[in-house]
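Novice: need coordinates for the below:
(chains A, B, C and D, ligands or ions: 4)
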Amino acid sequence: MTRLASGGRIDRSRPLRFTFDALPHTGFAGDTLASALLANGVRVVSQSVTYGRLRGIFSAGVEEPNALVQVGGGTGSEPMLRATQVELYDGLVAESLNARGRLSPEPDVARYDKLFAHCDVLVVGGGSTGLAAALAAGKAGARVILADEQAEVGGTFLGGRDLIDGRPATDWLAEVATDLAALPEVRVLSRATAVGYYDQNCVLIAQRRTAHLGPAAPAAMARQRLWQVRAKQVVLATGAHERPMVFAENDRPGIMLAGAVRTYVNRYGVVPGHRAVIFTNNDSAYACAIDLDDAGLDVPAVVDVRPNPAGGWPDRVRERGIEVLAGQVVSDTAGGNRGLESVWAGQRIDCDLLCVSGGFNPAVHLFIQSQGRLRYDEILACFVPDEAPQAVAVAGAANGTFGLRDCIQEGLAAGAAAASAVGFGDGHPAGAPQVETVAEHPIVPFWLVPDESGATQFVDLERDVTVADVRRAVGAGMQSVEHVKRYTTIGTGSDQGKTAGINSAAIVGALLGQPVAAIGTTTFRPPYVPVSFALFAGRTRGQLFDPARVTPIHPWHVAHGAVFENVGQWKRPWYFPHDGETMEQAVLRECRAVREGVAAMDVSTLGKIDIQGTDALRFLNRIYTNAYDTLAVGHCRYGLMCKADGMVFDDGVVMHVGPDRYLATTTSGGAAAVLDWMEEWLQTEWPDFRVRLTSVSDQWATVAVAGPRSREVLRALAPAMAADAVSFPFMAIREGMVAGIPARVCRISFSGELAFEINVASWYGLRLWEAVMAAGEPFGITPYGTEAMHVLRAEKGYAIIGQDTDGTVTPQDLGMSWVVSKKKDFIGRRSHRRADTARPDRMHLVGLLPVEPEDLLPEGAQLILEPRQEPPVAIVGHVTSSYRSAALGRTFALALVKGGRDRMASQVYAPLPDRLHPATVTEPIFYDKEGLVRDG
Amino acid sequence: MARKHAILDGFASRFSGVASSSGGRIALREVPFSAQLDFRANPADGRVVDSVHKALGFVLPTDPNTAATAGGRSALWLGPDEWLIVGGEGEESLLTRVLHTALGETFGSVVDVSANRTVIEVSGSAARDVLAHGCPVDLHPRDFGTGRCAQTLLAKAQVIIHQVNDAPTFHLFVRTSFAWYLAEWLLDAMTEYCAEEPIGVSVPLGGQESPSPLRG
Amino acid sequence: MLLIPCPWCGQRDEIEFRYGGAAHVEYPADPETVDDATWARYLFVRPNPKGPLAERWCHSQGCRRWFNIVRDTVTHQIMRSYRMEEAP
Amino acid sequence: MSGSEHPDHLWRNPDPKRSYDVVIVGGGGHGLSTAYYLARNHGITNVAVLERGWLAGGNMARNTTVIRSNYLWDESAAIYEHSMKLWETLAEDLDYDILFSQRGVLNLTHSLHDTREAHRRVYANRLNGIDAEWLTPEEIKEFCPIVNLSPDLRYPVMGASLQRRGGIAKHDYVAWAFARQADAFGVDLVQNCEVTGFDLDGGRVTGVQTSRGPIAAGKVALCAAGHSTVLAAMVGLDLPIQSHPLQALVSELLEPALNCVVLSNAVHVYVSQAHKGELVMGAGIDPFISYAQRGSPHIIEYQLAAAVELFPIFSRAHVVRTWGGIVDVSPDASPIVGLTPIENLFVNCGWGTGGFKATPASGWVYAHTIARGEPHPLNAPFSLDRFARGALIDEHGAAAVAH
Ligand SMILES: Cc1cc2nc3c(=O)[nH]c(=O)nc-3n(C[C@H](O)[C@H](O)[C@H](O)COP(=O)(O)OP(=O)(O)OC[C@H]3O[C@@H](n4cnc5c(N)ncnc54)[C@H](O)[C@@H]3O)c2cc1C
Ligand SMILES: NC(=O)c1ccc[n+]([C@@H]2O[C@H](COP(=O)([O-])OP(=O)(O)OC[C@H]3O[C@@H](n4cnc5c(N)ncnc54)[C@H](O)[C@@H]3O)[C@@H](O)[C@H]2O)c1
Ligand SMILES: Cc1cc2nc3c(=O)[nH]c(=O)nc-3n(C[C@H](O)[C@H](O)[C@H](O)COP(=O)(O)O)c2cc1C
Ligand SMILES: [Zn+2]
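Specialist: Ligands and ions are numbered 1, 2, ... in the order given. Sure, this is the predicted structure:
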């Protein structure tokens, strides 16, 4: 065991059992999987992705490149988690991975949610800097969110042994936490990683909420939450990532970041080895030597690349009898299947732990995402934040400020300034507490230990990329880090190269003879850490994936066994099968009912727009291709509209319901687009028009009653309404009581039969439908769905926008020149005159009668002229609608055919997988050409 | 006269169960059949404004995203020259008359949209939190509050949100065809607040997350 | 996720809006008299600058008003928001 | 390690010469393949490709690598199928393993409308000599078992069209393979060289101004994708192009889970698993114009909601990186390739969200156009003047939804 007898922030009274690669282990509450593994002496945690080399835990945080594990034993299995970030729970089951995860086929039953949040100041990172910033902003009265990715706030100093005001830093932490908790407008989120920084200070935070509870996680609680925070000001206090050193065989288990080792010792009470060497180019790792010495480890040497490391830290180390090998490097290591056994630093030194520090990279990922620019700081030897176009400040280690006292001070100042920028407080921060500082000796940048081959000098541990690979890339002609990244895959792992990126840039620089500043970094992109697909999906799953819109009559349809069709977001009855009926039988029966008796359909889904004002007529005349001047009050007219390019866009019926007042219907799917389209023209092109538009789609429920006996049904429902053909002519509108409900009735027909559409306030929709069914019962009234409706309209040759058109079809192509006014301008008119649009051999809508009357051509079937099948064959058109007709006793189709109107009675062929299917081109109207049945 | 049918009839028992399962933190119900008129008029026309004021007791609000209420009726600002006038069940004819009278010969419009939207009432200490799961608008009392309204999205449904008291109680005006979806969404979003026991997770120092995800 | 200042409702999330492309595109005064090329320009050619762009948005889930903003297409910064009737 | 997958030498890094016979502006996939075919097919080697950043760092570095040729209209089918044929021998031609994998492209349908349109395309493809099949849900289950075929989906899968010859290739390798061969022919690939202006003599272009000085040119060929209008504007030429963000994302490396490419328009997904193991997924286009190479997060959220709907097994996969490109969208979603009103200036743009698959054919026909001064029959329909005539090649797919 390598667990210290005391110390750390773990709870030794709560042991937790877990397994790793099927072997049982025990850790404590407060452990991460990584600290528990180390405490159990597990040094090898994975094999590398390409070479299968043994790898151990390398870091103590998000930057971990090696310890990638599959975790189960709670609620489902999750791939590619970092052991350094998995909190231990009782019953946890983890397996090692070779940097490649496994998707679990068991369904993920966990819940995921999203929350929109707003604040004056968002502080990202709850280390000393972030805590200070949140406190300053919160005390000024601002609404503050502080998000920290770890289970507890505190950041780096949880892993150190700093004193603040002469007491352990954690005492200060406790006080700050109490102060923050007392501020009602401050919210502290833990396990909450800011993963994306978007425009106008929109920050996404991914919060882990229950995974650390393992099987005890409450099922009702969302496992993870995505916070979409909109902040007026952002303070980034995200700390810094320690850089590794690049030398031969630098990937053995037992080689770890020095700061991480301190964290394991101080925070988790774990010593990851017995005999430790430190390899550094800066002072910070000396503290590691001292901590390990205090913990009772053998620390034979600190290898420092600096020729003369002097000042407080080296002195303290030397005082303890630890040798400082100045101006030396670790150039090679040796080891076995448990990892490191010795290092070579001009001499062989036996050790099972090598603590490396190559300096620090401020965690500028979010800053870059915010469009911030970096600058290379020669003294600190790292990229630091420079210009920031958004309302963001960077403070503490993230800003290249590495001293604890300076961090707290900078945090307080940033918090106060952010709050005051949005009106809270005067911007003057409170005084910072006292922190002992030690005189520092400056870092000496050091990127690469010279080595001939470079084949075991690992730059990117997760992706298994070495200096040799970088050399090949540069040798091949690559000079940009972006190319080197893609050639070698450096930085493309799930750690996104947090420990590899800058080293790689520096090595490229070295190979090209350029400074790292000139090479720059690759682009930092969201997410900062991997985020599960499920979290992004949130509750937008299953039936909540997209709204299912329903009409007020929907419960009746469900109760009566309707089969539904998705039409846009709408659920519409497709057909109503009787017991044992096939779809075809049901549809033929429904069609027959319309043609021979009476049938009813729920057409409430049509879009409806109220149009009023003294310019309403002028407006309609511009929007629609046809003219409305002669449309009298109490009457309605079919209307078609085009986009400016002259192509058909939508259609519907315009009712003239009162002086200067119209009600226009749109297709079910087109309602929103049509209203937006009308508003766009009205507000942007014709703002002087006195016209007002109101969507009333959901105000009205509409029932179509169709068939030769529909008049009888109407009479039964509305005895006071004269319904004969003269009193209530085609395309007339009547208002009155229907089934005791105030209603507007229109004589419109989409089937060619006598038909009435009854509109009532939607809350009466269900009652009206029930009344219609009751009144129609003596006549055998039949509910029908969209399929029968499609057949019936096709028999009449009525085009369906979106089925018989596809955005490339003009009204003329549809043979609907009758609906295109010659006298007025309307949207799209000019386009009809363009050379190609005026061509006589455009695609025309025609009818098709398959030569064999039982032959049902599939919709979408392409048409050719010659009975020849060797591709490529010239296509002359395609089938847009195709059905079996009860009325015709045969199949028929509509098609778009090149120059179709000049091909009447000629033959075309649909080449289908089985054979050629011949069909005859006809007028696109098959039933009641003379319009004799319209009046019943 | 036929009886009206509330679009969320079928949700009544699930709605009413929320109050107890959430330990009183949320209450949910449909308030159907209110009279709703879409009213467009020039707000600078003093005669129109006065006329409405005399008849209905409130001054048409001109501050965006605010509502005026008097005598159980409200005017919700929808746009620079547009309001939703809300009254009690059956008042649509009365309100139509009042608004037409107010308009007189001036340009504007009055459209009865009473059956276009139903109202879902969400109230209680956790109401704001529930809405924040799907609403991009800031409903914090410093920014919103009683008497405020907003047209926005709740999940994938367009809604008008009107805060009617400090409970807080919110009225969500939603188009009837989206009402089922929104009801399902709300119930789903309330899951965590309606668990048998209030969900709070003990976390180490500094890692507090209050059981309510939105404090204050 | 842009935060778009509706001149009426204030700052709202992008998801409440519908994009309308470049602003101030002039509809030919008399479409019948222009040639095909001119008409095609109106139909298909829109400013596509790298930098500030005056563009139209409609607050479709809010007040339903169309309005203009000037937005930088590189930084996404919104420099100005103004009503339809206001001068560019 | 992937270094060993690549040749030891890719390209020189020459300084630009004073003058070239042809200057290609834009070193993306299309610019590079154009240079290659100019040299290989037409013997024109005194050519420079000028790239403002790093070679193939634009959309070529960002695309989801879907390759298929099952386009609807004859004109599109012809050019994309030409491309498909070139892909099928490209690794040999270029002597580079570009990881072209014909694993099949599945287009799911979720409504009657979708299904009708898919059939229309399948039938049209077959007549154009393009392989296309219709799969029932049962057949989908067999072909790609992880697709969610539950009828309880909000938009259940009704079927799919399948192009078995479709698939993916490794985008970067494709670019480098073209670059390497062009370089070998003597073409100068000049990076960090931004074109900032054009030299005109009357109505004729004679050279370009660049961040690395002026360069004279017999002919200038634009190949700048999202930046096409910016360049065209320098010579007063307006192109009907809008530049939009298009985002994509990848997961971590995963054991093989997805064996083909799956596309769905209605439940918006396009996804494949790259050879290393990451899931590569394209997101939707942001509606606004942008040159920022980034988009809005709600597009990603929607994307992943759709992905988890269709592939429940993806639920706990992680997104490790998202990014954006600048796609050049034309009014009819078809490219513009050909002459311009300015003599010796050529244009190739408008490939929008789908030009990776066209990389070989685009270079092939564009090189022909540049060399001969007139379009190749395959790109003749894609001329700039089609917009004035109204002869659009609308590949948007059908517009509205039925009554
Ligand atoms: C996220 C995404 C997913 C995609 N998915 C697919 C897919 O699955 N299948 C598919 O077929 N297509 C896809 N595409 C589209 C495809 O990437 C593009 O159509 C194609 O890459 C465009 O051609 P290109 O490679 O030449 O463009 P680019 O690679 O963008 O090349 C243009 C080059 O011009 C340079 N340039 C610009 N201005 C100048 C200047 N002034 N001077 C010098 N150089 C300049 C640019 O820097 C750039 O390198 C996708 C695109 C994106 C963004
Ligand atoms: N001696 C040195 O050279 C040196 C170098 C670096 C740091 N330090 C020490 O480190 C501390 C720096 O304090 P600090 O507060 O600036 O940094 P910190 O490292 O203490 O705190 C940063 C915190 O932010 C969290 N974080 C990072 N990215 C995040 C994200 N995207 N979302 C949510 N949380 C995120 C981290 O987990 C951490 O808790 C000081 O104690 C300083 O002395 C010293
Ligand atoms: C097909 C494909 C696969 C990719 N796979 C990865 C990957 O595994 N890991 C990674 O970090 N990025 C991957 N990328 C994304 C690139 O890292 C990078 O984001 C992209 O080329 C855009 O460049 P930029 O983000 O530097 O602007 C992939 C990109 C593509 C097009
Ligand atoms: Zn608004």
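
Novice: A:H578 is in contact with A:V587, isn't it?
Specialist: No: using CB atoms under 8 Å as the test, A:H578 is too far from A:V587 to be in contact (11.7 Å). From N, CA and C alone the C-beta is placed, and that goes for glycine too.

Novice: more neighbours: which of those two?
Specialist: More crowded of A:H578 and A:V587, by other CB atoms under 10 Å in any protein chain shown: A:V587, with 26 against 10.

Novice: other SSEs contacting whichever strand or helix holds that one?
Specialist: Element membership for A:V587, per DSSP states H and E: helix A:583-596. Here helix A:583-596 touches strand A:570-575, strand A:782-783, helix A:786-795, strand A:877-885, going by 3 or more CB pairs under 8 Å, 6 or more residues apart in numbering or on different chains; DSSP states H and E.

Novice: could these go into CSV alongside mean pLDDT?
Specialist: CSV is the format used below for the helices and strands packed on helix A:583-596 (pLDDT from 0 to 100):
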stretch, mean pLDDT
strand A:570-575, 97
strand A:782-783, 98
helix A:786-795, 97
strand A:877-885, 97
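
Novice: quick one, which of the ones you listed is nearest to ligand 1?
Specialist: strand A:877-885 (25.0 Å; CB to the nearest ligand atom).

Novice: partners of that closest one in the sheet?
Specialist: Under the criterion DSSP bridges, strand A:877-885 sits next to strand A:862-863 (antiparallel), strand A:890-898 (antiparallel) in its sheet.

Novice: now the first one: mean pLDDT?
Specialist: Looking at strand A:862-863 alone, the average pLDDT works out to 97.

Novice: what stretches of the chain score poorly on pLDDT?
Specialist: No chain in the question, so chain A it is. Scanning chain A for pLDDT under 70 picks out A:1, A:869.

Novice: if you could check chain B rather than the one you did, that'd help
Specialist: Low-confidence segments of chain B (pLDDT under 70): B:1, B:196-216.

Novice: how about the strands in it?
Specialist: Under the criterion DSSP state E, strands of chain B are mapped to B:27-31, B:35-40, B:67-70, B:73-79, B:82-87, B:109-112, B:117-123, B:149-154, B:157-165, B:169-175.

Novice: thinking again about what came up before, just send the helices and strands packed on helix A:583-596 back as a markdown table, with distance to ligand 4 and mean neighbour count too.
Specialist: Shown next, in a markdown table, are these (distance: least, CB to the ion, whole Å; neighbours: other CB atoms under 10 Å in any protein chain shown):
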| stretch | distance to ligand 4 | mean neighbour count |
| --- | --- | --- |
| strand A:570-575 | 27 | 24 |
| strand A:782-783 | 42 | 24 |
| helix A:786-795 | 36 | 25 |
| strand A:877-885 | 40 | 24 |
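
Novice: now name the helix or strand holding whatever residue of chain C ends up closest to ligand 1.
Specialist: Residue of chain C nearest ligand 1, by CB to the nearest ligand atom: C:K50 (9.4 Å). C:K50 belongs to no helix or strand when assigned by DSSP H and E.

Novice: show me which helix runs longest in chain D.
Specialist: When chain D is parsed with DSSP state H, its longest helix is helix D:74-94.

Novice: can it be found next to ligand 1?
Specialist: No: Helix D:74-94 does not reach ligand 1 (CB under 6 Å from any ligand atom); its nearest approach is 8.9 Å.

Novice: same check, this time on stretch D:331-350
Specialist: No: Stretch D:331-350 stays clear of ligand 1 (CB under 6 Å from any ligand atom), getting no nearer than 7.8 Å.

Novice: same thing with stretch D:233-247?
Specialist: Yes: counting by CB under 6 Å from any ligand atom, ligand 1 is contacted by stretch D:233-247 at D:L246, D:Q247.

Novice: distance to ligand 2 added to the helices and strands packed on helix A:583-596, as TSV?
Specialist: TSV is the format used below for the helices and strands packed on helix A:583-596 (distance: least, CB to the nearest ligand atom, whole Å):
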stretch	distance to ligand 2
strand A:570-575	42
strand A:782-783	57
helix A:786-795	50
strand A:877-885	53
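
Novice: can you redo those as CSV with distance to A:A391?
Specialist: Below are those laid out as CSV (distance: least, CB to CB, whole Å):
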stretch, distance to A:A391
strand A:570-575, 43
strand A:782-783, 59
helix A:786-795, 52
strand A:877-885, 54
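
Novice: go through the ones you listed and name the closest to ligand 3.
Specialist: strand A:877-885 (34.6 Å).

Novice: on that earlier part again, so of the strands paired with strand A:877-885, which one's packed in deepest?
Specialist: Highest mean neighbour count among the strands paired with strand A:877-885 (mean count of other CB atoms under 10 Å in any protein chain shown): strand A:862-863, with a mean of 26.

Novice: return the distance of it from the chain's centre.
Specialist: Distance of strand A:862-863 from its chain centroid, counting by CA atoms, centre = their mean, to the nearest Å, is 39 Å.
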